[in-house]
Structures are given as C-alpha cells and as structure tokens.
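>>> Take a look and give me a structure for this.
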Amino acid sequence: MMHVIGVDLGGTKTAAGVVAADGSVLFSEQIPTLNREGGNAILGATAALVAWLMRRAAGEGIAVGRVGVGSAGVIDAVSGTVVSATDSILGWAGTGLAAGLAERLGLPRDSVRAVNDVHAHALGEAWRGAAAGSSSSLMVAFGTGVGGSFVLDGSPVLGHRYVGGHVGHFASPYAYHEGKALPCVCGGSGHVEAIASGPAIHESFVRFGGSPDVPDTRAVFALALQGDAAAIKAIGAGAGAAGQALGGLVNILDPETVVVSGGLADAGDLWWKPMERAMRKELMGPLADIPVLRAALGNTAAIVGAAKLVLN
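Residues are numbered from 1 along each chain as shown. Predicted structure coming up:
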C-alpha cells in the first residue's frame, strides 16, 4: 500500500501525518509555525518535521516518497509557490514552498505538491469525511476567518489566479452598523467575514452593549447560554450572516452536499440552528432538501486532503 505525508501548515501550528492510500492517518505530529521568522525558517522547520515522520515510518517498514501540503495563503498549485499571504505569517509571500521542501528533503521536485489549506481541508472532507461519496461538495469554514472550497469530481476548484474559495469577502447586508459598513481584515468593508467570523461576533457583542472586558468569542457564547441579550444578538447576527452567505453560494454552485466547518460550527445549536434557518430561507426551491453536514474529520482533515494531492 502506498503511503505519503500530508502537511497542514497554518499561521500558528504546522501538523503533519503519514497517510495510507485509504486515507487513514497512521501517526502524526505537530510543531509551532515560526510565523515571525520568514519563509526559509518555516521551510526548514517543516522539512525537519517531515523528515522525522519519514524516519519513523521507515523504522516501521513504511516507505514514504511524496509530500502534499495545505498551507495558509494564496498558493499557486502548479508551481507550489506562495502568491500572497497575510501578516499572520511574516515573509511567507513569494516562498517557493513545494520546491523548497523537495530540496531540503532530497526529493524530486514533482513529488511535493501544495494548495491553500482550506482547499486541503475541503478535499479531505470530500474524500473521507462528511461529503465522502458526493460528486460535488461545498465546504465553508467559519472560525477565526471565513473560507471555503468547492470540490468537483475529486478536485478543488482553485480559480484562474488561485484565489478561489475566499468566500468571506463578498458583500453581506448584515455587515453594517448604524448605516456604516463594517471594516474587513482584507482591507475592504461590508463583507461576510466582518460579521460572521468568530472575532466579528465578539466585536458585535461589544457594539451591542456587551462589556469590552469579556475576553473572547468563547466567553460570548457562555454569556448567551446564561441569557445575556447582547451575546444572543451578536451570535444571531453572525449566524444569520453565515447562513445567508452559505445559501447564496449554494444557489450559485448547486453542490450535492454542503459541509460546514470551523470553531463556530462546533459551538453547538446556539449558532448552528439560526445559521441553518437563514441558509434554508435563502435557497431556491429545487435546493430545499440539500444536506448540510458538520465536518467530520476534525484536525486531520487538511492532512488527509493534502495527502490526497499526491496519492492521485
């Protein structure tokens, strides 16, 4: 059976695992991402992690010769280069990710492939997760940010410039306060992410009169369970915006299956129920019964999806 390594390279941590041809993760490990130290340092640390996994696999009689990477940033999937990235990883833009890893690992250049981490996450869910068996699936993750991917016939739709999937950055009527568009982290305003992400829910809570001393979105959810009006309103606004955006995307793409992921999807019915109500209210008639499922693979989804890139 063929084995490869899948890597999930994020802004705070990098996880990797040895993955079998059936999608099972045999073993995995993670390290902090050296997100303040530049591309070369990150490549060096990631290569060391992969090399350690290769040695462990070899010790168990498992040969590994290919590496798939799901990485933060806009990734040119042909060249394996980081086209652009946010300040969550300094000096990442312009990094030759695939070529750099291959060189450090002593592997042929074509044995390492890379895509954006959300595409890898969606590919994992489409292959072995909630959308397994579907000919097409739309996955949207609502967490620190809002991102998504449309997987069609086993491949994520990346876009001509590899920017496909930035579903947090189109207009939302919810993303306004007192007639003014809310600023978005992308530099625009009035976008889905500005109202529907986890940090945006915390910001809404404060705008709606909640105490600025409440530390984070998790605490906002705890207050909502206790009946706090500002917390309930903020979560309702974020969930409503998420659902309306998701419904609009479904109307456009008509996927067989919808998968919702991220920290907010895991927060329970307080967020899920208003999100799904808003989504189904938005849907066109023929789409009324589309399955909307919670992601199933958890933290291994992007590892499994990245591995699938080099298992084909």
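>>> Tell me who's in contact with residue 28.
Counting by CB atoms under 8 Å, 6 or more residues apart in numbering, residue 28 makes contact with 15-18, 53, 300, 303. Yep, even glycine has a C-beta here, placed from its N, CA and C like the rest.
>>> for the longest helix seen in the chain, the distance to its chain's centre please.
Counting by DSSP state H, the longest helix found in the chain is helix 229-253. Relative to the mean C-alpha coordinate of its chain, helix 229-253 is positioned 18 Å out (CA atoms, centre = their mean, to the nearest Å).
>>> need the next SSE after it, C-terminal direction.
Downstream of helix 229-253, the first helix or strand assigned by DSSP states H and E is strand 257-261.
>>> So what touches that next one?
With contact meaning CB under 8 Å, 6+ apart, strand 257-261 is reached by 121-122, 125-126, 129-131, 134, 136-143, 246, 250, 272, 275, 290-295, 301.
>>> Report the buried residues of the longest helix of the chain.
By neighbour count on 16 or more other CB atoms under 10 Å, the buried set for helix 229-253 is 230-250.
>>> Packing partners of it?
In terms of contacts (3 or more CB pairs under 8 Å, 6 or more residues apart in numbering; DSSP states H and E), helix 229-253 is packed against strand 136-142, strand 146-152, helix 193-196, helix 198-207, helix 217-225, strand 257-261, helix 269-282.
>>> how about a cut-off of 7 Å?
If contacts are counted by 3 or more CB pairs under 7 Å, 6 or more residues apart in numbering; DSSP states H and E, helix 229-253 sits against strand 136-142, helix 193-196, helix 198-207, helix 217-225, helix 269-282.
>>> any chance of the ones you listed in CSV, plus distance to residue 86 and mean pLDDT?
Listed next are those as CSV, based on distance: least, CB to CB, whole Å; pLDDT from 0 to 100:
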stretch, distance to residue 86, mean pLDDT
strand 136-142, 16, 98
helix 193-196, 12, 98
helix 198-207, 13, 98
helix 217-225, 19, 98
helix 269-282, 25, 98
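>>> if we compare these, which one ends up closest to residue 177?
helix 198-207 (5.7 Å; CB to CB).
>>> Report the inter-axis angle for that closest one versus strand 146-152.
Computed with axes from the mean of the first three to the mean of the last three CA atoms, to 10 degrees, the direction of helix 198-207 lies at 140 degrees from that of strand 146-152.
>>> Okay, buried residues for helix 198-207 please.
198, 200-205.
>>> Output these in JSON lines, with distance to residue 106 appended to each entry.
Listed next are these as JSON lines, based on distance: CB to CB, whole Å:
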{"residue": "198", "distance to residue 106": "40"}
{"residue": "200", "distance to residue 106": "44"}
{"residue": "201", "distance to residue 106": "46"}
{"residue": "202", "distance to residue 106": "46"}
{"residue": "203", "distance to residue 106": "47"}
{"residue": "204", "distance to residue 106": "50"}
{"residue": "205", "distance to residue 106": "51"}
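>>> rewinding a little: format the helices and strands packed on helix 229-253 as JSON lines; extra columns: distance to residue 34.
Below are these laid out as JSON lines (distance: least, CB to CB, whole Å):
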{"stretch": "strand 136-142", "distance to residue 34": "24"}
{"stretch": "helix 193-196", "distance to residue 34": "26"}
{"stretch": "helix 198-207", "distance to residue 34": "23"}
{"stretch": "helix 217-225", "distance to residue 34": "26"}
{"stretch": "helix 269-282", "distance to residue 34": "33"}
